[in-house]
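Novice: any chance you could fold what I've pasted below:
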Amino acid sequence: MRKRILSLSLALIFAVSAFTGCGKKGEETTGNNNNNKPTNEASSNNNQGKDETKTEAAELKVHFHSNNKFTIVDADGKILPVFQLAADKTNVKLVNTANPVAQKSTEEFQLQATEKFPADIYGGNSLKGPIFTYALQGAFLPLNDLIDQYGPNIKKFLDENEEVKKALTAPDGNIYMLNYIPDGDAARAYFIRTDWLKKLNLEMPTNFEELEKVLYAFKNDDPNGNGIKDEIPYFNDKFEEMIRLANLWGARVYGFDSYTEKVVLDENNKMYHAWTAPEFKEAIIGMNQWYEDGIIDPEVFTRKANTARQTLWTKDNVGGMTHEWIASTTSYNYNEELLKTVPDFKVEAMLPVSKDGVAFEEHQRALAKPDGWAISSNCKNPEAAIRFMDWFFSEEGRTAINYGIEGETYTMVDGKPTFTEEVLSSGAVNAYLQQGYGAQYPIGYAQDFAYEAQWTVKEGLEAYNLYTSSNVYEAAPATPILNFTEEETAIYDKYITVLNEYQTEQISAFIIGKEDIETGWNSYIEKCKELGSEELVKVYQNAYERYVNNQ
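Specialist: Numbering: from 1, shown residues only. Below is the predicted model of the structure:
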């Protein structure tokens, strides 16, 4: 089986106030490494033979806040359909305690810490680090024993997916949080304007030299046909993603999809800081040349995030190549507004290339995201809470959290959930499901890639298959998800923010030519050391060795 390039866990990014609580430590469970896709037991297992119609519903207070706007209720305060279905199936009464107008989900979580987490279940985006930290202070329950006794579907999933189980297990051997588990492999890919290739009589690039030839032709040979040298050969929706171009020169950048995680694993099973490596310097020299020659978007560091594709394709027709999300990028091939002005517009996926001959793709779907939920130590009925959470790992629950409500958002066709035309024509399927139904919320659940495949256009599925059938994910050493101890988290928190800010500022200056990289590189390295780059590498190395030894 090909290796996966996995994300590193996010550590705590804000200071944690002291919390004193109680919570019994559970035993770590074990699993088998057969790497099967999740095949969960039926939801009836949650009820353990009980006749729920004859028992009083248990009340569960849920504080879940995702993407700074979503809670488990709609604008009128009504429980969203997927969560109401879960409540009905597990015989609980859900009470939402999350602020529906919060600006930041992590800040809402921190406010709850001052109240010592009075609700039963807490969750949301990017909470793995905070939940781990507070859990070690007793604020959240270890779930191991609860899963063994009352969570058959969760247990089955974790037993069949050992690497996921490791990702969810804290350094003390306990599972405190059930995470959102993405499905599939490819996430972002390189896309190039094949209508421009056709106009300039060029072929799809298969090596670095061919790619460079194409990009300079895009710049100089007027592929948009307006008689003006206004083409922008390469661009991204975020400047952080543009820096991933360093991969083309053989340098590692982030290791995965988190722009803050820059410590990665090398061929000798040693962690190193990718942004201080010699090959990264060579990549920045090359990127500086591309920037000076107008190959890279001159506004990449100032352009508003997530506007480049819309601006440079739909509005101006000047963008040539990008590295972006597969489904959303290929949807531009069917953008009616764009096709009105550029009827032959077309982008197709291109495999990565490398100047040193070893091409690889760093960005891949995470094995487990830092999103999900946990049970507070103040929960009065942990059994009811874990049964509720377990339902989403059942066949019925997994279908609901992925697809919504049968008869409303999907129907069963040949035994498979199939979205209705209303959902598929909504424009943004994910947003439609989240806002109206609560499906695709980043709770603890296993995603089903088939949900995405239904609304991904033909070129997107071709891109996905192109990347997953190649060896681009095997060419770079895989970095597993690592979990930090309290002491390691404190070191991480001490250095990571200031170091990342400095590196982003300095590397940006090198790329745009504001500072000379040849004369400034050594001082850059020394400053990185001063700001803790070597201490961070030690933290990652310790965590990796603990992971290897299954501790």
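
Novice: where in the chain is pLDDT low?
Specialist: By pLDDT under 70, the low-scoring segments of the chain are 1-54, 551.

Novice: quick one, domains of this structure?
Specialist: Split into domains by automatic domain parsing, the chain comes to 43-185+367-447, 188-350, 486-548.

Novice: now those as a markdown table including mean neighbour count and distance to Glu474?
Specialist: In this view, the C-beta of every residue, glycine as well, is placed from N, C-alpha and C. Listed next are the domains of the chain as a markdown table, based on neighbours: other Cβ atoms under 10 Å; distance: least, Cβ to Cβ, whole Å:
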| stretch | mean neighbour count | distance to Glu474 |
| --- | --- | --- |
| domain 43-185+367-447 | 20 | 11 |
| domain 188-350 | 19 | 12 |
| domain 486-548 | 17 | 19 |
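
Novice: if we compare these, which one ends up closest to Glu361?
Specialist: Shortest distance between Glu361 and these, using Cβ to Cβ, is found for domain 188-350: 7.5 Å.

Novice: tell me which helix or strand Tyr464 sits in.
Specialist: helix 458-468 (DSSP states H and E).

Novice: packing partners of whichever helix or strand comes after that helix?
Specialist: As assigned by DSSP H and E, the chain's next helix or strand after helix 458-468 is helix 486-512. Helices and strands touching helix 486-512, by 3 or more Cβ pairs under 8 Å, 6 or more residues apart in numbering; DSSP states H and E, are helix 128-135, helix 278-292, helix 517-530, helix 533-548.

Novice: dump those to a markdown table, plus distance to Thr206.
Specialist: Output for the helices and strands packed on helix 486-512, formatted as a markdown table (distance: least, Cβ to Cβ, whole Å):
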| stretch | distance to Thr206 |
| --- | --- |
| helix 128-135 | 39 |
| helix 278-292 | 19 |
| helix 517-530 | 29 |
| helix 533-548 | 35 |
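
Novice: for the ones you listed, which one sits closest to Gln434?
Specialist: Using Cβ to Cβ, the helices and strands packed on helix 486-512 put helix 128-135 closest to Gln434, at 20.3 Å.

Novice: measure how that closest one sits relative to helix 486-512, angle-wise.
Specialist: Here the directions of helix 128-135 and helix 486-512 differ by 160 degrees (axes from the mean of the first three to the mean of the last three Cα atoms, to 10 degrees).

Novice: which elements pack onto helix 128-135?
Specialist: The contact analysis (3+ Cβ pairs under 8 Å, 6+ apart) places helix 128-135 against helix 105-114, strand 177-181, strand 372-375, helix 486-512.

Novice: in a markdown table: those, plus distance to Thr276.
Specialist: Listed next are those as a markdown table, based on distance: least, Cβ to Cβ, whole Å:
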| stretch | distance to Thr276 |
| --- | --- |
| helix 105-114 | 29 |
| strand 177-181 | 30 |
| strand 372-375 | 32 |
| helix 486-512 | 9 |
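
Novice: so for Thr322, which of those sits nearest?
Specialist: With Cβ to Cβ, the closest approach to Thr322 among these belongs to helix 486-512: 16.8 Å.

Novice: could you check the angle helix 278-292 makes with that closest one?
Specialist: Angle between the axes of helix 486-512 and helix 278-292 is 40 degrees (criterion: the same axes, to 10 degrees).

Novice: just want the angle from helix 486-512 to helix 517-530.
Specialist: 170 degrees.

Novice: mind listing the helices for the stretch 301-450 of the chain?
Specialist: Remark: helices assigned in the stretch 301-450 of the chain by DSSP state H, counting those that start in this stretch are 308-309, 326-330, 336-341, 382-391, 395-403, 421-424, 429-437, 449-455.

Novice: then the second one to PDB, C-alphas only?
Specialist: Pointing back at helix 326-330 there. The C-alpha trace of helix 326-330 is given here as PDB (Å, rounded to 0.1, in the frame of the first residue of the first chain):
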ATOM      1  CA  ILE A 326      -9.600  19.700  -7.100                       C
ATOM      2  CA  ALA A 327     -13.400  19.900  -7.000                       C
ATOM      3  CA  SER A 328     -13.800  23.700  -6.800                       C
ATOM      4  CA  THR A 329     -11.000  24.400  -9.400                       C
ATOM      5  CA  THR A 330     -12.400  22.100 -12.100                       C
END
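
Novice: how far out from the middle of the chain is that helix?
Specialist: 16 Å (Cα atoms, centre = their mean, to the nearest Å).

Novice: thinking again about what came up before, and the helix holding Tyr464, how far out from the chain's middle?
Specialist: Its chain's C-alpha centre and that of helix 458-468 lie 19 Å apart, by Cα atoms, centre = their mean.

Novice: any buried residues in it, and which?
Specialist: By neighbour count on 16 or more other Cβ atoms under 10 Å, the buried set for helix 458-468 is 459-460, 463-464, 466-467.

Novice: from the contact counts, what lies against it?
Specialist: Packing partners of helix 458-468 (3+ Cβ pairs under 8 Å, 6+ apart): strand 188-193, helix 326-330, strand 347-350.

Novice: Lys198 sits in which helix or strand?
Specialist: Here Lys198 sits within helix 194-199, counting by DSSP H and E.

Novice: give the next helix or strand downstream of that helix.
Specialist: helix 208-220.

Novice: tell me the angle of that next one relative to helix 278-292?
Specialist: Using the same axes, to 10 degrees: helix 208-220 against helix 278-292 is 20 degrees.

Novice: coming back round to it: then the helix holding Lys198 to PDB, C-alphas only?
Specialist: Extracted C-alpha coordinates of helix 194-199, given in PDB (Å, rounded to 0.1, in the frame of the first residue of the first chain):
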ATOM      1  CA  THR A 194      -5.200  23.500 -21.700                       C
ATOM      2  CA  ASP A 195      -7.000  25.900 -23.900                       C
ATOM      3  CA  TRP A 196      -3.900  28.100 -23.700                       C
ATOM      4  CA  LEU A 197      -1.700  25.100 -24.500                       C
ATOM      5  CA  LYS A 198      -3.800  24.400 -27.500                       C
ATOM      6  CA  LYS A 199      -3.600  28.000 -28.700                       C
END
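
Novice: how far out from the middle of the chain is it?
Specialist: Put simply, helix 194-199 sits 32 Å off its chain's centre (Cα atoms, centre = their mean).

Novice: who touches it?
Specialist: The contact list for helix 194-199 (Cβ atoms under 8 Å, 6 or more residues apart in numbering) reads 202-204, 214, 218, 223-225, 320, 342, 344-348.

Novice: at 10 Å instead, please
Specialist: Helix 194-199 has contacts (Cβ atoms under 10 Å, 6 or more residues apart in numbering) with 193, 202-205, 214, 217-218, 221-225, 231, 233, 317, 319-321, 333, 342-350, 459.

Novice: surely Tyr437 meets Glu406?
Specialist: No - applying Cβ atoms under 10 Å, one finds Tyr437 not in contact with Glu406, separated by 11.3 Å.

Novice: and for these two, which residues touch both?
Specialist: 85, 400.
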